[in-house]
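Undergrad: need a structure here:
(chains A and B)
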Amino acid sequence: MLNGLVTTVREGARYKGESNQWMWIAHRISGLGVLLFLVTHISGMSFSYFNPKVHEALIEIYKTPLFSVGELFLAACLVFHAINGTRIALLELKPEWWSEQHKATRASLLITFVLGAPTLVIMAWKSLSFYLATGR
Amino acid sequence: MTIQTLNPAQRTIRTVKPMPLARNRFERMAWIFMRFSGLILVFLSLSHFWLQHLIVGTHQLQFGQTVARWGAAGAPVTIENVFWRLYYVAIIALAMLHGLNGFRQVAYDYLNNRGVYRGVMIAATGVIAVVSLMGLVALLGGATIVK
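TA: The predicted structure is shown next:
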């Protein structure tokens, strides 16, 4: 049943697809991570209409360290998936750019870092100052 | 599916039956949808994330802000409410379909048992349909003011 997954994990290191093989795997993992978050996020936010008490309780749960760390992972996954997805879409719509694939990969990693690093730092700083101020 | 030998390089290649036309058409539309929904979602999802999770911040999240953006249930709908509702309807519709199709591609690659694949996809489609519907109903109904 999971032969494909086992093969991917075992052969991933051996496959000579270079950086773009890892980008492909990272794109799938980050995409599944964002999807898992969105399913909980959309259903959680919808309780503001169905049952505000549940919604308020959920907001308090979100203000705990476990969810703050998860939110940092989400930020990294989302920024990476967005920038890497842009690279994939642009390259597949523009075959004449295929000769510059590795340059495009490095560029998308650089943009992910430039956009993602300040996002993570600011979010971590906001979370830390919240927990220090409230003593939770 | 048969195994053939490609003579010059002596490599084995797999030859598969051509895809049925209806399936081919669906896959082509799904491919196009993934590219364009993805490019739109780059702007929608990043603007939402940076506004609500970074600038506002989860720790500063208050119920009143949600009410102000979506509009309270039963209250007259302002132009701001319409903007935010359209914005979130677009995100939910595009992101859930984009995510469902992405999940389908991953499941198709790794779940080699046809029955398991179908079961997982029926479950995933059901969960995503219910969640999308919850989000859309909540958006169009407006947030409820806590009494």
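Undergrad: rest of the way, CA atoms for contacts and neighbours
TA: OK.
Undergrad: In which helix or strand does the residue most central in space within chain B reside?
TA: Against the mean C-alpha coordinate of chain B, by Cα atoms, centre = their mean, the closest residue is B:M96 at 2.0 Å. Take DSSP states H and E as the rule and B:M96 turns out to sit in helix B:79-110.
Undergrad: what's the next secondary structure element after that helix?
TA: Counting by DSSP H and E, what follows helix B:79-110 is helix B:114-141.
Undergrad: Only the buried residues of that following helix, if you could.
TA: For helix B:114-141, a neighbour-count test (16 or more other Cα atoms under 10 Å in any protein chain shown) marks B:117, B:121, B:125, B:128, B:131-136, B:138-141 as buried.
Undergrad: Could you list which of these also contact chain A?
TA: B:128, B:131-132, B:134-135, B:138-139, B:141 (Cα under 8 Å from any Cα of the partner chain).
Undergrad: which intervals of the chain have sub-threshold pLDDT?
TA: Since no chain was named, I'll use chain A. Flagging of chain A using pLDDT under 70 yields the residue ranges A:1-2, A:8, A:11-17, A:136.
Undergrad: ah, no, chain B please
TA: B:1-16, B:146-147.
Undergrad: Mind doing that once more with 50?
TA: Along chain B, segments meeting pLDDT under 50 span B:1.
Undergrad: what's the helix holding B:M96 packed up against?
TA: helix A:3-12, helix A:18-50, helix B:21-48, helix B:63-70, helix B:114-141 (3 or more Cα pairs under 8 Å, 6 or more residues apart in numbering or on different chains; DSSP states H and E).
Undergrad: Report the contact partners of B:L41.
TA: A:82, B:91, B:94-95 (Cα atoms under 8 Å, 6 or more residues apart in numbering or on different chains).
Undergrad: could you dump the buried residues of helix B:114-141 to TSV with distance to B:V56?
TA: Putting the buried residues of helix B:114-141 into TSV (distance: Cα to Cα, whole Å) gives the following:
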residue	distance to B:V56
B:Y117	40
B:M121	36
B:T125	32
B:I128	27
B:V131	25
B:S132	24
B:L133	26
B:M134	24
B:G135	21
B:L136	23
B:A138	21
B:L139	20
B:L140	23
B:G141	24
